[in-house]
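Enquirer: missing the sequence, but the structure's below:
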C-alpha cells in the first residue's frame, strides 16, 4: 500500500504547488493587465488610498490640484480637489472615481501616483509599501504664470477661444487659457452642470482644450508662414515690389482683398513689407502662386505643422495643424491639388491650433529656432527632492536668422502702423500679425492675433484666437494679446 | 514551543490589523489573541494526555491556519470573527471529546462502517428534506434547526472516508481481482452520495468525493486500471452534466471566458450585460483582489474590499473567497506561505499514513489527508481559474461553523492514527 500512498502524496503536492504557481501568475504576470481593466473596482478604490501628487504653479503657492482626506470603513482615502476651479482646467484635467482622467491628471498619472519608473521613486514607494505607509505621489510643478493665466482667462470671458503664450527662447508655456472653462470639482458628481455651460459658440465644449486640441482657420495670421517661405527661399525680399489691383487672378477668377476697415481696398504699387503690414491678400496670392502650395506647406512643416505639437498633455487632447480634407490631415502629392493663392493668405482647408501659431510667432522671435513647448517645469518627490526637470530642447530650425530678423521688423510694423495697432504697449516694441478668417456665415469670423515682445529681445510669444466674432483680429484678439503680454512682461 | 509561536503570530496578526484599521492598539485585540492561545493550550494539554505519541506538528499547523483565518475574518467583519471564535471553541471541544473517547482504539470505528456509509448519505440528503433544508447561494446545502444552521456535507465527508477505509480494508484483495459483486455496497453508498450531491447542485463536494473515492480505491487495490475507469467515468459524467445541467455549463463558461467584450444575456437580471458584470462578477472581482496584492501585498488591514462608499466589493469574501482576501493583503509572499503551511499539513498526514501499521489506519489517513489537500485545491484552484469555480470552504481558514468543526474532527482522527502508529513503533 505504501507505494500507492507515496504516489497519492506526490499528486497532492503537485496540486498544491499548482496553487502557488497560479497565485504567482495572477499576482505577478497578469497583475498589471488586470489593474488596467475598466471594471476593476478595486483599482477604482485603491487609487484613492494613494496620496496623489499635487499639481502646482512654478512655486507651491498656486495649487491647481490637491487632495482631501476622508476615512471610509477604517480606510483612509484621498479624493481630488481643485482649489483653482476653472483656471487652467483643461490642461490640469480631472481624475474621478470612475477612473476617467483627462489632461495632465491622465498623462502624468504614473508620476502623480508614484508608479513612474524613476529609480528614486521606485525605491521610495516600495519602502512605503513595505512599511505600510500611505504611498505618496510626486508633485508636479508647472511653467504657467498664474497671474497672466488669470488675466487671460478673464479677458476671454464667455467668448469661445484660447490664449497660448510661451517663452520663445526656451519653449516654457506661460499661459494656456481655453474658454469657456469649467470648474474641475464638478467632474466628479456634477458632470451635467459642465454640459450646461454656455458661451458664444455652440456647442460650448468647455472640456476641449482649445489652446492645443481645437483647430481653427488661421486667416491672415498664416501670412507669417508664407512670408517666411517667400523670404527664406530667396525668391523675395521685404522690398520686392508688387502691384495690387485689389484682387488677384487665380484660375481665371478674381480673388478680392478682405474688406479690412483699416486698409484701403486697393494699394497700387507696394512692397512685401507693406503688404504684410496691411495684410494685403492679392500680394500673398501672387506669392503663393509663384512659390507653389508644396513649398509653403514645407515651410509650415518646419514650424511644426503636420506633426503633433509637443506638450505633456495627452496626445488625444492635442491636434495636428495642416490642410484637412474630409476630416483627415491631407498633404498634397502635387501642387495642383491645392489652391496656392488662397493657402498663402490662410484660407483653403488649412486649420491650425493656437499652440502651433504661438510656435510660429516664437520661432520668428527666437531667430528662426522653434523650441519644444513644455508646461511641466519639474517633478519633485514629496520630500522636495527632484525626480525630473524639463530641459529646453530645440524642435526645429525653421528659417534663417536673417529671414527671422526681416520678419521681425515687418511684424513690428503691423503693430506700429498696420492692422495690429491695438496691441501697442507704451515703451515696448511689439511684433504681431492679425488674422480674420471667414467662417462661411457672413459677418461671423474667427479672429487671431499672434505676437511677441519685446521685439529686440523677445521674452514672450502669444497666440490668441476667438470664435464667432463680428470684428477683426486687430480689434478683437489684439487687445487680449496686449493685456496678457503686459502681464507677462511684468514678470521678473 | 510551536504553540507559543502560533500564539505570538496570532497576537501580531491581530495587532497589525488593529493598528492598520484603528490607528491604535486596543487591548481587545490582545485579549482575543490571549483567549485564542488559551484555547490552544487546552487543546494541546488534552492531546498530550490522550494521544501522547501523536505527530507534534499537526495541532500547531491547524492552529496557525485557524489563526490566519480568524484574523482575516476579523479584519473583514469583527462580528463574524466573534462567531467564528465560538465555532472554534466548539471545534476544540469536539476535538477533545473525540480524542478522549477514541483514545484507546479508534479502530472500533471500522466495525460501524456501514453505519457511517449510510449516515453519510443521510447527512447529505438532509438539506433536501423540506422543512429543515435551506437554499443559500443557489445550492441547497444547509440544514436549519431553529437559529442554528449548518452544512452537513463537511461531516458527511468524514463519515464517507471512514466507511471507505473500513470497507476497502475488508475487501481490498477481492476488489483487486475485480469481482464485480464486491463493488456492490461501495457503489450503492458512493453512488447515493454522488446522486444527492448532483441533485443538490453541490458540484465542489461532488468533485471532492469523487477524488477521495478514486484515490482510496487506488491505494487499497494498487490497480491503476480502476483509476483509469474512474477517470473515464468522471469525464463521461462531466460531459453529460455539461450537456444537461445548466449550472455546470454556466460554471464552465465562466471559467473559460470570464471577460466578454460584448454584452451577453445575464440570467440574474434578464438584461444584456458584460459577463464580468454579471455571471463572472465574483470571480473577476476576486482576481482583481489577488492581483492588487502583488509580491508583498497591501499589508494586513490595508487591502481594498469596499467601494469608496463603504459597500462590499466581493460577495462571500470571508467564506469561499477568503484566499483572495489573504492574497491581496499578504501578497505573493504571504499567500505562498499559507499554501506551504497547507502542504506541511498534507505531508505530515501522508507520513502518518505511511507509518500506520494496519490497512484501516492507512486508508483512513490517506482519505482524510488527500481530502484535505483536494478540498484546498478545489476552492483555491477555482479562485485562481485553474479549474471551474465551485463553492467550498478552505479548511480551517474560511468562515463557517460546520467546516471548522469537521476539520477539527479530521485533525483528531489523524492524531489518533498517528498516536497509535508511533506508539507501536516505539514498542518495536
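Expert: Happy to help now that I have it. Model, not experiment: these values are computed from the prediction.

Enquirer: what about the chain, any weak spots by pLDDT?
Expert: In the absence of a named chain, chain A is used. Applying pLDDT under 70 to chain A flags the ranges A:73-74, A:99, A:130, A:132, A:252-254, A:256-265.

Enquirer: wrong one, I was asking about chain B
Expert: In chain B (pLDDT under 70), the answer is B:1-30, B:131, B:134-141, B:145-149, B:427-428.

Enquirer: if you set the cut-off to 50 instead, what comes out?
Expert: Scanning chain B with the threshold set as pLDDT under 50 gives B:23-25.

Enquirer: Regarding residue B:331, what are the backbone dihedral angles?
Expert: Torsion angles at residue B:331 (phi, psi; degrees, to the nearest 10) stand at phi 70, psi -170.

Enquirer: And for it, the neighbour number?
Expert: 24 (other Cβ atoms under 10 Å in any protein chain shown). Glycine gets a C-beta too; all of them are placed from N, C-alpha and C.

Enquirer: can you point me to the longest helix in chain A?
Expert: If you go by DSSP state H, chain A has its longest helix at helix A:2-24.

Enquirer: Is that one in proximity to chain B?
Expert: Yes - interface with chain B: helix A:2-24 contributes A:2-9, A:11-13, A:15-20, A:22-24 (Cβ under 8 Å from any Cβ of the partner chain).

Enquirer: List the contacts of that helix.
Expert: Residues outside helix A:2-24 that contact it (Cβ atoms under 8 Å, 6 or more residues apart in numbering or on different chains): B:215, B:218-220, B:222, B:290, B:327, B:332, B:335-336, B:339-340, B:342-343, B:346-347, B:350, B:353-354, B:362, B:366, B:369-370, B:373-374, B:376-377, B:380-381, B:384-386.

Enquirer: which parts of it are buried?
Expert: Within helix A:2-24, the residues that count as buried by 16 or more other Cβ atoms under 10 Å in any protein chain shown are A:4-5, A:7-9, A:11-12, A:15-16, A:18-20, A:22-24.

Enquirer: Centre of the chain to that helix, how far?
Expert: Offset of helix A:2-24 from its chain centre (Cα atoms, centre = their mean, to the nearest Å): 60 Å.

Enquirer: Can you name the residue of the stretch 301-450 of chain A nearest chain B?
Expert: At 19.0 Å from chain B, residue A:382 is the closest residue in the stretch 301-450 of chain A, using Cβ to the nearest Cβ.

Enquirer: Is it correct that that residue falls within a helix?
Expert: No - Residue A:382 sits outside any helix when classified using DSSP: H, G, I helix; E, B strand; the rest coil, being coil.

Enquirer: If I follow the layout properly, it ends up in contact with residue A:139?
Expert: Yes - with contact defined as Cβ atoms under 8 Å, residue A:382 and residue A:139 form a contacting pair (6.7 Å).

Enquirer: joint contacts of the two?
Expert: In contact with both residue A:382 and residue A:139: residue A:53, using Cβ under 8 Å, 6+ apart.

Enquirer: Who has more neighbours out of those two?
Expert: residue A:139 (22 against 15).

Enquirer: Hmm, that one is touching residue A:57, no?
Expert: No - between residue A:139 and residue A:57 there is no contact under Cβ under 8 Å: 11.3 Å.

Enquirer: Can you give me the neighbour number for residue A:60?
Expert: When neighbours are counted by other Cβ under 10 Å, residue A:60 comes out with 12.

Enquirer: typo on my end, it should be residue B:37
Expert: By other Cβ under 10 Å, the burial measure for residue B:37, its neighbour count, is 19.

Enquirer: what about it, is that helix, strand or coil?
Expert: Applying three-state DSSP: residue B:37 is helix.

Enquirer: now residue A:462, what's its secondary structure?
Expert: Going by three-state DSSP: residue A:462 is strand.

Enquirer: Can you tell me, leaving aside adjacent residues, what's nearest to it?
Expert: residue A:165 (4.4 Å; Cβ to Cβ, 6 or more residues apart in numbering or on different chains).

Enquirer: I figured the one you found was touching residue A:453, is that so?
Expert: No - with contacts counted by Cβ under 8 Å, residue A:165 stays clear of residue A:453, the gap being 10.8 Å.

Enquirer: can you give me the offset of stretch A:278-292 from its chain's centre?
Expert: Chain-centre distance of stretch A:278-292: 29 Å, with Cα atoms, centre = their mean.

Enquirer: which residues sit in contact with residue A:104?
Expert: A:55, A:91, A:92, A:93, A:140, A:312, A:313, A:375, A:376.

Enquirer: secondary structure element for it?
Expert: Here residue A:104 sits within helix A:103-107, counting by DSSP states H and E.

Enquirer: can you check residue A:176 too?
Expert: strand A:173-179.

Enquirer: cool, and residue B:211?
Expert: helix B:203-221.
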